[in-house]
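Predicted coordinates and the sequence they were generated for:
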Amino acid sequence: MEDTMPRLPQLTEDPDGLLEETRRQLGRVPNLYAALANGPAALRGYLAMRDALSRGVLRARLREQIALLVAQENRCVYCVSAHTLRGGLMGMDGRQLERTRDARDDDPHTEAVLRLTRQVVRTGGRVDDEELALARKAGVTDAELAEIVAHVALNTLSNHFNHLARPDLDFPEVTV
């Protein structure tokens, strides 16, 4: 990472139960979440959105690919590192992880979702009609379109907060 000095403390006290909720959702409390706990409302909102989206139409592997791609687009070393590890734990090999970071996949539907995700990030959601038509042709549904944008927002929040807070990297580092 460009600077290893955290700017915000990584909290361990948990008066609101938010770190425990993080542990419930993720199985552990990554340092990024412990730093986000400095603003309990921010962490509460992040966890609520993450939890709601985990029950959406996008399957877990595709949500992880979106998170990795958004982190790559936002050049977030912390999040690329975290989502590379999580993707590997979900069975993605190095080739699949690299292709995801480049918005590519062997499955046409998944690739359409990734390409659209990249366009949402790069254009602030101003995806042109041609790109949208290509996604729809590959079977991307209206519900998926809504969730893609929601996942971009969720992951952009964590990427941008990471850039601000600079928590200690607690995953094997992956360069962006």
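Nice, I can see it.

In three-state terms, label residue 15 for me.
What DSSP: H, G, I helix; E, B strand; the rest coil gives for residue 15 is coil.

From residue 38, how far out is it?
13 Å (Cβ to Cβ, to the nearest Å). Bear in mind the C-beta positions are built from the backbone N, C-alpha and C, glycine included.

So for those two, which sits in the more crowded spot?
residue 38 (14 against 9; other Cβ atoms under 10 Å).

Give me the spatial nearest neighbour of the more buried one, chain neighbours excluded.
Sequence neighbours aside, residue 8 is the residue nearest to residue 38 in space, at 5.3 Å (criterion: Cβ to Cβ, 6 or more residues apart in numbering).

Could you pull out the helices in the chain for me?
For the chain, helices defined by DSSP state H occupy the ranges 18-26, 31-36, 40-53, 60-73, 77-89, 94-101, 108-123, 129-137, 142-165.

Residue 171 is nearest to which of those helices?
Residue 171 lies closest, by Cβ to Cβ, to one member of the helices of the chain: helix 77-89, at 4.2 Å.

Need the CA coordinates for that closest one. PDB is fine.
Taking C-alpha atoms only, helix 77-89 is exported to PDB below (Å, rounded to 0.1, in the frame of the first residue of the first chain):
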ATOM      1  CA  VAL A  77      -5.200  -2.300  -2.600                       C
ATOM      2  CA  TYR A  78      -6.900  -3.300   0.600                       C
ATOM      3  CA  CYS A  79     -10.100  -4.400  -1.100                       C
ATOM      4  CA  VAL A  80      -8.400  -6.100  -4.100                       C
ATOM      5  CA  SER A  81      -6.400  -8.100  -1.600                       C
ATOM      6  CA  ALA A  82      -9.400  -9.000   0.500                       C
ATOM      7  CA  HIS A  83     -11.600 -10.000  -2.400                       C
ATOM      8  CA  THR A  84      -8.800 -11.900  -4.100                       C
ATOM      9  CA  LEU A  85      -8.500 -14.000  -1.000                       C
ATOM     10  CA  ARG A  86     -12.300 -14.400  -0.700                       C
ATOM     11  CA  GLY A  87     -12.500 -15.300  -4.300                       C
ATOM     12  CA  GLY A  88      -9.900 -18.000  -3.900                       C
ATOM     13  CA  LEU A  89     -11.700 -19.400  -0.900                       C
END
